[in-house]
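S.K.: could you look at this predicted model? Sequence included:
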Amino acid sequence: MAGGTPSPEDILSGKPVKPIAPAEEKMAPQTEQPFSSFMQGSGGENPLIASGKTPQVSPFDLAHGKVPAPGPTLNTIQQQALSAHSSLGDIANQLNTPNLKLKQSTKYLLKNKLSGARGQIQSASSKMGAPMIGEQKEEGGSNPLKKYLQMVSGGQRQLDAAQEHLKSMSESGEDLKPAEMLLIQVKLNKAQQQLEYSSMLLSKAIDDLKMLFNIQL
């Protein structure tokens, strides 16, 4: 039958089927090494390295110290002190908002956070060998906002002393032990977190004040 369609005679003739040629018995192997060898790390050279690309660093490598992360320096610590000083300045501006009123719960949290930040700043300054700045006598009476401003001002003065000390150390070629610098970095980081939380509390109080004035208008 035309068109390649077998006829009934062809089907019933029982002709033998052409056997598979030797070249068709199996496909050519894709790789000479089993996959298990790659899983066990014996698969040969890293293909990224062979192609001239740099392999990416995995968290596993970092956790096992294969790629050491850069540690803190006098410069990075000085930048942290500068950032904390700037945050204290922002908080001082917020506290000077006219007609600012704080809820009792906000006062409690703000006092704890500012006290904690000041303590961390003093501890970090002491650890680096900076002179300790004495606290001024609080003259706020029953006004909590003035007390908070005095705490902020004390923290700024202590950070000024710490920055001057770090600058002097850098100019004279002095240095701190890596463990000491890491501890100072941690303390300043904790102080910064507490200052940011304090700023958030004040921002919420200022937003409530603005909303109140809009309603009254």
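M.R.: Done, it's in.
S.K.: who are the contact partners of L109?
M.R.: For L109, the contacting residues are Y197, L201, by Cβ atoms under 8 Å, 6 or more residues apart in numbering. Placement of C-beta: from N, CA and C, glycine included.
S.K.: now do 10 Å
M.R.: L102, K103, Y197, S198, M200, L201 (Cβ atoms under 10 Å, 6 or more residues apart in numbering).
S.K.: give the buried residues for stretch 174-192.
M.R.: Neighbour counts over stretch 174-192 (16 or more other Cβ atoms under 10 Å) mark L176, M181, L183, I184, Q185, K187, L188, K190, A191, Q192 as buried.
S.K.: show me where this protein has helices.
M.R.: Taking DSSP state H as the test, the helices found in the chain are 8-12, 35-39, 47-50, 59-63, 74-95, 104-128, 144-172, 178-216.
S.K.: which one of those lies nearest to G134?
M.R.: Closest of the helices of the chain to G134 is helix 144-172, at 8.8 Å (criterion: Cβ to Cβ).
S.K.: for the closest one, name the packing helices and strands.
M.R.: Helix 144-172 sits against helix 74-95, helix 104-128, helix 178-216, with contacts defined as 3 or more Cβ pairs under 10 Å, 6 or more residues apart in numbering; DSSP states H and E.
S.K.: which stretch in those helices has the least confidence?
M.R.: Of all the helices and strands packed on helix 144-172, the minimum mean pLDDT falls on helix 178-216 (a mean of 92).
S.K.: what angle sits between that one and helix 74-95?
M.R.: Computed by axes from the mean of the first three to the mean of the last three Cα atoms, to 10 degrees, the angle separating helix 178-216 from helix 74-95 equals 20 degrees.
S.K.: what residues are up against A117?
M.R.: Shown in contact with A117 (Cβ under 10 Å, 6+ apart): 84, 87-88, 91, 151-152, 155, 188, 190-198.
S.K.: could you flag which of those residues are buried?
M.R.: Buried among those (16+ other Cβ under 10 Å): 84, 87-88, 91, 151-152, 155, 188, 190-192, 194-195, 197-198.
S.K.: coming back round to it: so can I have a markdown table of the contacts of L109 showing distance to K111?
M.R.: What follows is the contacts of L109, written out as a markdown table (distance: Cβ to Cβ, whole Å):
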| residue | distance to K111 |
| --- | --- |
| L102 | 10 |
| K103 | 13 |
| Y197 | 12 |
| S198 | 9 |
| M200 | 15 |
| L201 | 10 |
